[in-house]
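Asks: Okay, here's the prediction I keep looking at, along with the sequence it came from:
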Amino acid sequence: MLKKRIIPCLDIKDGRTVKGINFIDIRDAGDPIELARRYVKDGADELVFLDITATLEKRKTLVRLVERIAREINIPFTVGGGINSLEDAKAVIHAGADKVSINSSAVKIPGLISKIAGSFGSQCVVVAVDSKYEHENQRHRVFVNGGRIPAGLNTLDWAKQVEELGAGEILLTSMNQDGTKNGFDIDLLNTISKALNIPVIASGGAGQQSHFKEVFQKTRVSAALAASIFHFAEIPIPLLKEYLSNNNVFIRI
Amino acid sequence: MIAIIKYNAGNITSVKNALNMLGFNCMVTDRESDIRNADKVIFPGVGEASSAMRYLKQKGMDLLIKSLRQPVLGICLGQQLMCSFSEEGNVSGLDIFNARVRKFPPREIVPHMGWNNIMHNASGLFAGIKESEDFYFVHSYYCEIAQDTISTCDYILPFSAAMQKDNFYAVQFHPEKSAETGAKLLINFLRL
């Protein structure tokens, strides 16, 4: 049976992990490699590295980091943040990333999805979609530039277009739920995962173990992603996986 | 020496990295003498079947691979190219395994992406690996079950997760991305 995937996301700035981490057995909490190794040991199914560096030197530092990760990590990993062209994608994939994640750049240049998929295969292309429910017009709308700018797209329409353009996966973040720890946006994730035939990764809102159970039992998503609850060891991955397994969610133990 | 065959397919570096992590030296090469003289040969790959076959033929590597006598391990696209025919670009393969490669019917999410467990026989390739252990898969085409199938996986339908004929071994999953379980399989192969 194909297992549901648990994916920790690491925010990276200038080659270091951003948020504070309180794993007691980690010597250097800012070292992405050490944190990544810890996650692999804990049973993470994949890792996502999101680079939020905003300097001109960004690509060089990122490529160096990706090369290090690839030498040390033996599970699949995705790299995102500032992949704006086929050249950016190439640099990161050649450095050893299994997948690249693109977000605003995919909205600006939808052809970029097909270009990367054409060069490296669909399985390499994750399109990250930031979605916000607007109560005024009762619609899920796409936002870009870190959620600051409305893209003028309905989430469902964009998700379908992204699949047609050759994306291998969609990483769908609910902006309404993100950071609340109140649970995933079940309605949104249900609608999108039912409408698509590529894997959807749920993101935004995880705060408790039961939230993961709910998203896997009530929607067709293939994976769930979270950041701070894993970094701060609020939910240790081994316990989460044991809980899900005990609740009849197929999971890799 | 372990030779990893270099051709126009992606993800070859991850195999090299995985072997290095396990303490094995290897070279990524397309030189006939390197490949012929290696103790073990790995034929990896992520990519499209017909363009990969065209490249191998142009370089004469199709005949080279078929003629190897040492243990050879095909991974993912490598396994598919070792079959007789692939629906991906409707291309003839190396015909080491008498099996066809077909596209998954879209009854479920395609690609088959993620961790899945396999059934396997007592082949030395799986020594110390329980059937409950998972491997990482990512593919939209699958190898049919045939005489040379030594392991099956079930996604949408049962397919060949691993095949073996004489000195030729192949797996559909990515041992180089399958954490400890994948490492065990790579070590098993390298100790054959």
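Replies: The structure has been received and is ready for your questions.
Asks: Give me every residue in chain B lying close to chain A.
Replies: B:10-11, B:13-14, B:17-18, B:20-21, B:46-48, B:106, B:108-117, B:134, B:136-138, B:140, B:154-155, B:174, B:176-179, B:182-183 (C-beta under 8 Å from any C-beta of the partner chain). In short, each C-beta sits where N, CA and C put it, glycine included.
Asks: Now, these that are in helices?
Replies: In helices, judged by DSSP state H, the following of these are found: B:13-14, B:17-18, B:20-21, B:179, B:182-183.
Asks: filter these to the buried ones?
Replies: Buried members of those, scored by 16 or more other C-beta atoms under 10 Å in any protein chain shown, are B:13-14, B:17-18, B:179, B:182-183.
Asks: Show me the residue at the heart of chain B, geometrically.
Replies: Among the residues of chain B, the one closest to the centroid is B:Ile75, at 2.0 Å (C-alpha atoms, centre = their mean).
Asks: What sits closest to that residue if chain neighbours are left out?
Replies: Spatially, and ignoring its direct neighbours in sequence, B:Ile75 is nearest to B:Pro44 (4.4 Å; C-beta to C-beta, 6 or more residues apart in numbering or on different chains).
Asks: Go ahead and confirm the one you found touches B:Thr13.
Replies: No: using C-beta atoms under 8 Å, B:Pro44 makes no contact with B:Thr13, being 9.5 Å away.
Asks: Show the contacting residues for the closest residue to chain B within the stretch 101-250 of chain A.
Replies: Closest contact between the stretch 101-250 of chain A and chain B, by C-beta to the nearest C-beta, is at A:Gln123 (4.8 Å). By C-beta atoms under 8 Å, 6 or more residues apart in numbering or on different chains, the contact list for A:Gln123 reads A:99, A:168, B:46, B:111, B:113, B:138.
Asks: repeat for A:Gly15
Replies: A:Gly15 makes contact with A:32, A:53, A:61-62, A:64-65, according to C-beta under 8 Å, 6+ apart.
Asks: State the distance from the residue in chain B sticking out farthest from the centre to A:Thr191.
Replies: Here chain B reaches farthest from its C-alpha mean at B:Arg107, the gap being 25.0 Å by C-alpha atoms, centre = their mean. Separation of B:Arg107 from A:Thr191 (C-beta to C-beta, to the nearest Å) stands at 20 Å.
Asks: before we move on, the earlier item: ok, the contacts of A:Gln123 vs B:Asn121, which is closest?
Replies: Using C-beta to C-beta, B:Val138 is the member of these that sits closest to B:Asn121, with 24.1 Å.
Asks: Nearest spatial neighbour of residue 175, chain-adjacent residues omitted?
Replies: Reading this off chain A. Here the residue nearest A:Met175, using C-beta to C-beta, 6+ apart, is A:Lys132, at 4.1 Å.
Asks: Let me rephrase: I mean chain B.
Replies: B:Gly182 (3.6 Å).
Asks: does the residue farthest from the centre of chain B really touch B:Tyr155, like I thought?
Replies: No: with contact defined as C-beta under 8 Å, B:Arg107 and B:Tyr155 do not form a contacting pair (10.3 Å).
Asks: just the contacts of A:Gly15: which has the poorest pLDDT?
Replies: Among those, A:Thr53 carries the lowest pLDDT, at 80.
Asks: Surely it forms part of a strand?
Replies: No: per DSSP: H, G, I helix; E, B strand; the rest coil, A:Thr53 lies outside any strand segment and is coil.
Asks: what stretches of chain A score poorly on pLDDT?
Replies: Applying pLDDT under 70 to chain A flags residues A:19-29, A:54.
Asks: now the strands: where do they sit in it?
Replies: Taking DSSP state E to define them, one finds strands in chain A at A:5-13, A:16-17, A:47-51, A:77-80, A:99-102, A:125-134, A:139-144, A:149-154, A:169-174, A:200-203, A:223-226.
Asks: Please identify the most buried of those.
Replies: Of all the strands of chain A, strand A:200-203 carries the top mean neighbour count, a mean of 28, counting by mean count of other C-beta atoms under 10 Å in any protein chain shown.
Asks: Touching that one from outside, list them.
Replies: The contact list for strand A:200-203 (C-beta under 8 Å, 6+ apart) reads A:5, A:7, A:9, A:126, A:169-174, A:178, A:184, A:189, A:192-193, A:215, A:219-226.
Asks: Equivalent analysis for stretch B:24-35, please.
Replies: For stretch B:24-35, the surrounding residues in contact (C-beta under 8 Å, 6+ apart) are B:1-7, B:12-13, B:15-16, B:19-20, B:41-42, B:59-61, B:64, B:68, B:190.
Asks: got it, and stretch A:43-51?
Replies: A:3, A:5-13, A:32, A:36, A:39-40, A:58, A:62, A:65-66, A:69, A:73, A:75-82, A:101, A:171, A:223, A:225, A:237-238, A:241, A:252-253, B:114-115.
Asks: hmm, try it at 6 Å
Replies: Stretch A:43-51 is contacted by residues A:5-12, A:36, A:62, A:76-82, A:237-238, A:241, A:252, B:115 when judged by C-beta atoms under 6 Å, 6 or more residues apart in numbering or on different chains.
Asks: same thing with stretch A:232-249?
Replies: With C-beta under 6 Å, 6+ apart, stretch A:232-249 has contacts from A:4, A:22-23, A:42-44, A:209, A:213, A:216, A:229, A:251, A:253.
Asks: Mind doing that once more with 8 Å?
Replies: So stretch A:232-249 is contacted by A:4, A:6, A:8, A:19-23, A:39, A:42-44, A:206, A:208-209, A:212-213, A:216-217, A:226, A:228-230, A:251-253 (C-beta under 8 Å, 6+ apart).
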